[in-house]
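Undergrad: here is the input, now give the coordinates:
(2 chains, ligands or ions: 1)
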Amino acid sequence: MGATMGEKILARASGRPQVKPGEYIWARVDGTAVIGARNLRARLRALGIERVWDPERVYVTEDHLAPPPSVDAANGAVEMRKFVKEFGITHFFEWGRHGILHELFPHHGYVSPGDFIASIDSHSTSYGCFNVASCPINEELPLVLATGEVWLRVPESVRFILTGRLPGPDQFVVGKDVILHIAGTYGTDVALYKSVEFVGPGVASISMAGRFSMANMGIEIGAKFAIFPCDEQTLDYLKGKMRREPRPVSPDPDAHYSATYTVDLTHLPPYVALPHDPGNSVPVVQVARERIKIDQAFIGSCTNGRMEDFRMAARILKGRQVHPDVRLICTPASQAIWKQCMEEGIWQVLAEAGALITSSTCGPCPGLHMGVLGDGEVCISSSNRNFQGRMGSPKAFVYLANPATVAASAVTGYITDPREFL
Amino acid sequence: MRFQGKVWKFGDNISTDLMMPGSKVLARPGISDKEAAQFCMEANRPGWAQQVTPGDIIIAGRNFGCGSSRPAARMLKALGIACVVADSVSRLFFRNSIHIGFPVLLCPGVSQAFEEGDVAEVDVESGRVRNLTRGVELQAEALPKDSPPYQILMAGGLDNYLKARLAQGRRAS
Ligand code: SF4
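TA: From the prediction side, this is the model:
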């Protein structure tokens, strides 16, 4: 029987001719990342681990509390730098040259099509947009760092066949809307323990930034991997960046998927997820009527803090003002994006509209700093999670949407369909 | 590994943000597990963390531990929760739990079989889950004895397992 993309990559990584769903394997990782690393050094030392299995394949930065908002956070960063020095890590990104890990590391060639990655942080599913089987880990980081291996139960695969053409950033309907639609329609556990594979003729109509958002939020539908095929757009994006030769995989015609869903992209509208779950998603038009007032609008995070996102926002905000009762916080996913936004004049447009522009950080997304929500506040956010308390107060309300919807809502002061600005 | 304890019931999609709120815990990287655990479920069940007694058991609905990879299982362990049995569990939460030696069992239908305050008996090796209050018995997925997660759980967590494995490697080379 044929193999899915996830099965092919796991077979190679575990040195077997094939793997079967349900079996336990040990797989060799092609790369891993470390962020923060507050207790890591001490834990490794206690285990007698003095070096990582391959310093070339370990990437380190701090993005969640960058730069530190407290002494406690600063002390965490002190530990991180000690880890970097003592363990001979060369791929370390200091603040100013940093970014949110999921944007930063692919940008520096950390992933190549066909890779198997097991990496810290739940949104490590993101790298799947590059035809990579990438699963998040956390507690087992010392195992991976010491041995370069990780155990896995081979997941079943499910596939979403995408048909039609996504309207795209020109029409303010992007990858974020596809994944919110999927989470709302099929449930946030549709892919629990599974490898999700996005295939079909519709894939070509989704930009790399859009695929990134979808693979990123694969974790929001429970996925272990969220994998796209490798096409010209993939290779174009990665050209000149990759440190390893690509080994792209595609599913065999007779590969087994435990479920298949078909999504027609052609008439997809912008979506919004209502508090407190990414699966509470509905087309924006349905809530626009209710005129839900917002206090904060946030464009950023590893899901939607890229050029495509800020370009859409700038189109809406050009010559307009952020509503007097709203603060719009714009946080690029990396400093490289910050610089490009400056060069393209996007910051000029946003600043004139009255937006707040920050350096790259996770910031408000996990409720850490630079935009934490207070009691009773309402926020519309381009990030990926609106769990109760996620962005600060448990009494705050977070709506998730694409960056165009966030920008449009920042202008009107209530949740708004961005297509009104076309 | 067998536990008997009083049941706390939780619903579907209990996220790790609820167990380990970012603004209270992640914002303070130096905080101890014990201190951090005081904020566990503060948003959805204020005061709960202070009512837990060591040995209590959590019975939950679908997708328990969804969301962030933060080490939220450590919060439950620090409160003295003996184990979690849920209809389904997020993959990351499951892995994190096993790696700190904290048993989490997948048992579809379990949320229907328990009310809060019932007494549960859980046998981790066989996967047998009993409601002693109501006399109901269910079968959870049992980990195969030769699987890495079983071995890691039985070693008491990754650190013990890894120490033994590295020592073996050193002897072999
Ligand atoms: S931006 Fe948010 S979701 Fe992305 S890595 Fe940072 S905290 Fe996690």
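
Undergrad: for A:Phe198, give me its contacts.
TA: Going by Cβ atoms under 8 Å, 6 or more residues apart in numbering or on different chains, A:Phe198 touches A:159-160, A:162, A:211, A:214-215, A:226-229. From N, CA and C alone the C-beta is placed, and that goes for glycine too.

Undergrad: over to B:Phe114?
TA: Contacts of B:Phe114 (Cβ under 8 Å, 6+ apart): B:7, B:9, B:59, B:120, B:131, B:134.

Undergrad: so the first one is in contact with B:Val122, correct?
TA: Right, B:Val7. No. Look at B:Val7 against B:Val122 with Cβ atoms under 8 Å: they stay out of range, at 10.3 Å.

Undergrad: residues contacting stretch A:140-154, please?
TA: With contact meaning Cβ under 8 Å, 6+ apart, stretch A:140-154 is reached by A:7, A:10, A:19-29, A:32, A:34, A:40, A:43-44, A:47, A:49, A:52-54, A:57-58, A:118, A:120, A:135, A:137, A:193, B:95, B:99, B:147-149, B:158-159, B:162, B:165-166.

Undergrad: now do that stretch: distance to the chain's middle.
TA: 22 Å (Cα atoms, centre = their mean, to the nearest Å).

Undergrad: report the rounded mean pLDDT for it.
TA: For stretch A:140-154, mean pLDDT is 96.

Undergrad: and for stretch A:200-209?
TA: Averaged across stretch A:200-209, pLDDT comes to 98.

Undergrad: which residues outside it are in contact with it?
TA: Residues from elsewhere that reach stretch A:200-209, judged by Cβ under 8 Å, 6+ apart: A:129, A:160-166, A:168-169, A:174-175, A:178, A:211, A:214, A:228-229, A:231, A:233-234, A:237, A:262-265, A:304, A:306-309.

Undergrad: one step back: so which of the contacts of stretch A:140-154 sit within strands?
TA: Residues from those lying in strands, with DSSP state E as the criterion: A:24-28, A:32, A:34, A:58, A:118, A:120, A:135, A:137.

Undergrad: can you pull the pLDDT of B:Ala172?
TA: B:Ala172 is assigned 56 on the pLDDT scale.

Undergrad: the closest residue to B:Cys83 other than its chain neighbours and chain A, how far apart?
TA: Leaving aside its sequence neighbours, B:Cys83 sits nearest to B:Pro103 (Cβ to Cβ, 6 or more residues apart in numbering or on different chains; 4.1 Å). To chain A, B:Pro103 is 14 Å away according to Cβ to the nearest Cβ, to the nearest Å.

Undergrad: hang on, the earlier thing: intersection of neighbour lists for B:Val7 and B:Val122?
TA: Common neighbours of B:Val7 and B:Val122 (Cβ under 8 Å, 6+ apart) are B:Ile57.

Undergrad: what about the helices in chain B?
TA: Along chain B, the stretches classed as helices by DSSP state H are B:16-19, B:33-36, B:48-51, B:73-79, B:91-99, B:110-113, B:148-154, B:158-172.

Undergrad: pull out the buried residues from the contacts of stretch A:140-154.
TA: Neighbour-count burial (16 or more other Cβ atoms under 10 Å in any protein chain shown) is assigned, among the contacts of stretch A:140-154, to A:7, A:10, A:19, A:21, A:24-25, A:27-29, A:32, A:34, A:40, A:43-44, A:47, A:49, A:52-53, A:57-58, A:118, A:120, A:135, A:137, A:193, B:95, B:99, B:148-149, B:158-159, B:162, B:165-166.

Undergrad: what residues are up against A:Ala396?
TA: Counted by Cβ under 8 Å, 6+ apart, A:Ala396 has contacts A:373-379, A:389.

Undergrad: what about those, which one has the most neighbours?
TA: A:Cys379 (28 neighbours; other Cβ atoms under 10 Å in any protein chain shown).

Undergrad: and stretch A:382-397, how far out from the chain middle?
TA: With Cα atoms, centre = their mean, you get 17 Å for stretch A:382-397.

Undergrad: and that stretch, what's buried?
TA: By neighbour count with 16+ other Cβ under 10 Å, stretch A:382-397 contains the buried residues A:382-394, A:396-397.

Undergrad: which two among these are spaced furthest apart?
TA: Within the buried residues of stretch A:382-397, A:Ser382 and A:Pro394 form the most distant pair, 21.5 Å apart (Cβ to Cβ).

Undergrad: list the helices and strands the helix or strand hosting A:Val406 packs on?
TA: Remark: A:Val406 resides in helix A:403-412, with elements defined by DSSP states H and E. For helix A:403-412, the elements it packs on are strand A:296-299, helix A:307-317, strand A:327-330, strand A:378-381, judged by 3 or more Cβ pairs under 8 Å, 6 or more residues apart in numbering or on different chains; DSSP states H and E.

Undergrad: most tightly packed of the ones you listed?
TA: Mean neighbour count (mean count of other Cβ atoms under 10 Å in any protein chain shown) peaks for strand A:296-299 among the helices and strands packed on helix A:403-412, with a mean of 29.

Undergrad: near chain B at all, it?
TA: No. Judged by Cβ under 8 Å from any Cβ of the partner chain, strand A:296-299 stays clear of chain B, getting no closer than 14.4 Å.

Undergrad: and what of stretch A:35-48?
TA: Yes. Contact of stretch A:35-48 with chain B (Cβ under 8 Å from any Cβ) involves A:36, A:38, A:43, A:46-48.

Undergrad: first-to-last residue distance for that stretch?
TA: 21 Å (Cα to Cα, to the nearest Å).
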